[in-house]
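Novice: Give me coordinates for this.
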Amino acid sequence: MRNAMTDKEFFKIINKGCRKYGDHIADTFPLWVLEITYPFLTEDDIEKAVYGLSGNDESIDAFFVNENTKDMYFIQCKSAINERKLIACKKEWLSYLYDVPNKLENEDYIEEHKNSRVQEIASDYAVYKKKGYKLNFAFFHLGHIADYKILDSYIDNGKTFDYYGFDEIKDLYFEYESRLSLTEPEFFNLNISYSNKAELIDQKIGGHYTLISILTGDEIIRLREDYKYKLFDKNVRYNLGLNKINKTIVESATTNKNDFYFYNNGLTITSLKFKKKDASTIRVERPQIINGAQTVDSIYNAYLKRFNKLKRVQRDLDQAKKKALEEFKDLKVMFRIIQTQLDESDFEMNVIKCNNTQNAVQIRDFYSNNPEQIELQKKFADLGIFYEIKRGERNFIKKNPHNRLQRKLADFPFGKESIDIEKLASLLRAYQLEPSAKEVGAKNILNDDDAYQMLFGSSAVDITIEKVKEMTLAYNIFSLLEEESKRLNKLLKLLLHIDERPKDFVKVKTLVDESLALNQVIKSKYTDIDSYKQNAERNKKHIRKFSCFTQGKYFALAIFRLVLDECSYDKSILKTELYRDKEFIKDKIVKAWLPTVLSKLLVKEYERAIETDGISMAAFYLRPKSFSNIWEKFEQLDAEENQEFTEIFPLKI
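Specialist: The predicted structure is shown next:
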């Protein structure tokens, strides 16, 4: 598939993906590659990874940590404006990225650094290094590498350094696309070639025909390359990743191929029908690997690791691939195929749950079959909103009717609204007045039965239409706050260079005019470039003081909930259709209240915490105490302002 797509066609895909995040590929390319490369990152994680890294960033375009695997990631990106501008990678670009930790450890240098985000990263790096977290570097380049030998300088047992050129990014994209697909291969052929006289157990067990035999590593790699994540059951596709157990499998597949068979539980494949084509070939129709997906992915990662090393040594891609595949013929894995029917989804789910003990599959996708989630999807649909509970559903129903709802995306009046279980879980936790970063993390909520049940209940009966209306109101407020935080982030990036790039003032003015957070006094300073220049530094400072809101949308949502409760506005709104009237919510609620919410509460507490507690922005949003302090301030606001809450936060319905 990679070879069938031209560079020009792939560049259109890159541009489309980057436009989701903004207009300029140089700014948005890092966000897009994080999305397609690291499935364990949520939208919030991606935004936080790149926050504040658009100027004086020390060759860091993104920084994030995977707590589960104890890994730190430093990301650098080099984009291009079109396929004709692809250039060779320069060795010094890689050196700049690899040298980042040395700069972060230079206390005098960091103390004087102009970018506060780099100072925060230096602090985080010191903490996680002390905890023994592994360093990972990734360089994403819309170009190519002339000689893979230059990567030898960055091979270190304690670190990983990955280079992704244009072709490698193509591969990453097709991997990502296959994760989203809701379809499985029509069929594949399994080559049973581990022996000249391969043994097969082929019989009916209970109500299901089954076949048991052995596959070699090179055949597993072939299947993985040809079909990517379409091989795997839709419930486990997004849960694959190099976690602790996967790393062990990779190590075993790399160094202990002969004994791998004895150390691994093997693969379980479901199929609508399978049959022997000849003595060594099995045709498997509508196959899905429901157990052992992590084994397949780990073998493939071990192969890629070996292939990349051989590329550097041999400098011949075809020969390197041939030799790597030959080596993996020594690795053997037991497998079984179980024939199932289309209407046996419960049987398949039970097989998945009972077999996935080697590496527990959690997060999001198993909830897609919970009765409360199915009921929630139905009730959202009744309100004209599509709620995605299985990854890839939204893309699927752009062209196909939803299997359960029997509607396409165009049939939903509010189809443009993008709600999924992770986003809803996080915003609802904040709406329940628990907005700290640890509390709103979808991974924490969906791994905690008590937290999950507090938000969604445990049966279809728990999902009432009143509850769904309240969720819709919360989502609409949150989505407007999210849009505003992104707008403010763009504005802050432009202001970093506005004095050197006066042509960007038109963009600045547009963002200022559209802002829901800035009051009219601030906006008046940006009516034209001359007004702005009269006191440029002070005018920039007016906006910079709101920078904490770029990471504070959950705190802001919780404050809005305090206002709604205090003034009993939510009861009135939910009695009408206004809870889903986004223009009303934008003009009468968010635009009307946000300047006060920020200036009187969020910004004031953030500035106090920075000054007295000396903490970073990330630390501020991690601790529950930050919101507790805001809540206390909110309760005193009417007395401080000498106004009733309904006067401070007016609402005309």
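
Novice: Could you use CA atoms for every contact and neighbour count after this?
Specialist: Noted.

Novice: Spell out the secondary structure type for residue 334.
Specialist: strand (DSSP: H, G, I helix; E, B strand; the rest coil).

Novice: Thought residue 262 was touching it, still the case?
Specialist: No - applying C-alpha atoms under 8 Å as the test, residue 334 and residue 262 come out as separate, 9.3 Å apart.

Novice: which of those two has more neighbours?
Specialist: Taking neighbours as other C-alpha atoms under 10 Å, residue 334 and residue 262 compare with residue 334 leading, 16 against 11.

Novice: quick one: contacts for the more buried one?
Specialist: Going by C-alpha atoms under 8 Å, 6 or more residues apart in numbering, residue 334 touches 212, 213, 214, 215, 261, 265, 266, 267.

Novice: Which ones among those residues lie within helices?
Specialist: residue 261 (DSSP state H).

Novice: Which parts of the stretch 451-600 of the chain are helices?
Specialist: 465-497, 505-514, 520-524, 529-533, 536-544, 553-567, 569-574, 582-584, 591-596 (DSSP state H, counting those that start in this stretch).

Novice: got the CA coordinates for the fifth one in PDB?
Specialist: So the one you mean is helix 536-544. Output in PDB follows, covering the C-alpha atoms of helix 536-544 (Å, rounded to 0.1, in the frame of the first residue of the first chain):
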ATOM      1  CA  ALA A 536       3.500  46.700  23.100                       C
ATOM      2  CA  GLU A 537       5.000  45.000  26.200                       C
ATOM      3  CA  ARG A 538       2.100  45.900  28.400                       C
ATOM      4  CA  ASN A 539      -0.400  44.800  25.800                       C
ATOM      5  CA  LYS A 540       1.300  41.400  25.400                       C
ATOM      6  CA  LYS A 541       1.400  41.100  29.200                       C
ATOM      7  CA  HIS A 542      -2.400  41.600  29.300                       C
ATOM      8  CA  ILE A 543      -2.800  38.400  27.300                       C
ATOM      9  CA  ARG A 544       0.100  36.500  28.800                       C
END
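
Novice: Check what contacts that helix and list those residues.
Specialist: 492, 495, 518, 522, 525, 532.

Novice: buried subset of these?
Specialist: Neighbour counting with 16 or more other C-alpha atoms under 10 Å marks 492, 495, 518, 525, 532 as buried within the contacts of helix 536-544.

Novice: roughly how far apart are the second one and residue 62?
Specialist: In other words, residue 495. Separation of residue 495 from residue 62 (C-alpha to C-alpha, to the nearest Å): 20 Å.

Novice: The last one now?
Specialist: Between residue 532 and residue 62 the distance, using C-alpha to C-alpha, works out to 31 Å.

Novice: where does the protein have its least confident helix or strand?
Specialist: helix 345-355 (a mean of 65; mean pLDDT, DSSP states H and E).

Novice: Could you dump the buried ones among the contacts of helix 536-544 into TSV and include distance to residue 147 and pLDDT?
Specialist: Putting the buried ones among the contacts of helix 536-544 into TSV (distance: C-alpha to C-alpha, whole Å; pLDDT from 0 to 100) gives the following:
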residue	distance to residue 147	pLDDT
492	39	90
495	39	89
518	51	94
525	53	93
532	50	91
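
Novice: could the residues you listed be laid out in JSON lines, adding distance to residue 172?
Specialist: What follows is the buried ones among the contacts of helix 536-544, written out as JSON lines (distance: C-alpha to C-alpha, whole Å):
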{"residue": "492", "distance to residue 172": "31"}
{"residue": "495", "distance to residue 172": "34"}
{"residue": "518", "distance to residue 172": "40"}
{"residue": "525", "distance to residue 172": "45"}
{"residue": "532", "distance to residue 172": "44"}
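
Novice: Which of those sits closest to residue 646?
Specialist: residue 518 (20.8 Å; C-alpha to C-alpha).

Novice: thought the closest one was touching residue 595?
Specialist: Yes - in this structure residue 518 lies within contact range of residue 595 using C-alpha under 8 Å: 6.0 Å.

Novice: hey, what's in contact with both of these two?
Specialist: By C-alpha under 8 Å, 6+ apart, no residue touches both residue 518 and residue 595.

Novice: For stretch 606-625, buried residues please.
Specialist: 606, 609, 616, 617, 618, 620, 621, 622, 624.

Novice: Give me the spatial nearest neighbour of the second one, chain neighbours excluded.
Specialist: If I follow you right, that is residue 609. Spatially, and ignoring its direct neighbours in sequence, residue 609 is nearest to residue 615 (6.8 Å; C-alpha to C-alpha, 6 or more residues apart in numbering).

Novice: Check the gap between the one you found and residue 599 for me.
Specialist: 20 Å.

Novice: what's the answer for residue 584, then?
Specialist: For residue 584, the distance to residue 599 - C-alpha to C-alpha - is 23 Å.

Novice: Can you name the residues that contact residue 74?
Specialist: Per C-alpha under 8 Å, 6+ apart, neighbours of residue 74: 60, 61, 62, 63, 64, 97, 135, 136, 137, 138.

Novice: what's the closest of the buried ones among the contacts of helix 536-544 to residue 568?
Specialist: Closest to residue 568, out of all of these and judged by C-alpha to C-alpha, is residue 518, at 25.9 Å.

Novice: Show the contacting residues for the closest one.
Specialist: 512, 543, 595.

Novice: Among the residues you listed, find me the one that's closest to residue 478.
Specialist: residue 595 (15.4 Å).

Novice: Now do the helices in the stretch 301-450 of the chain.
Specialist: Under DSSP H, counting those that start in this stretch, the stretch 301-450 of the chain gives helices at 317-327, 345-355, 371-382, 393-396, 421-431, 437-440, 442-445, 449-456.

Novice: Cool, thanks, talk later.
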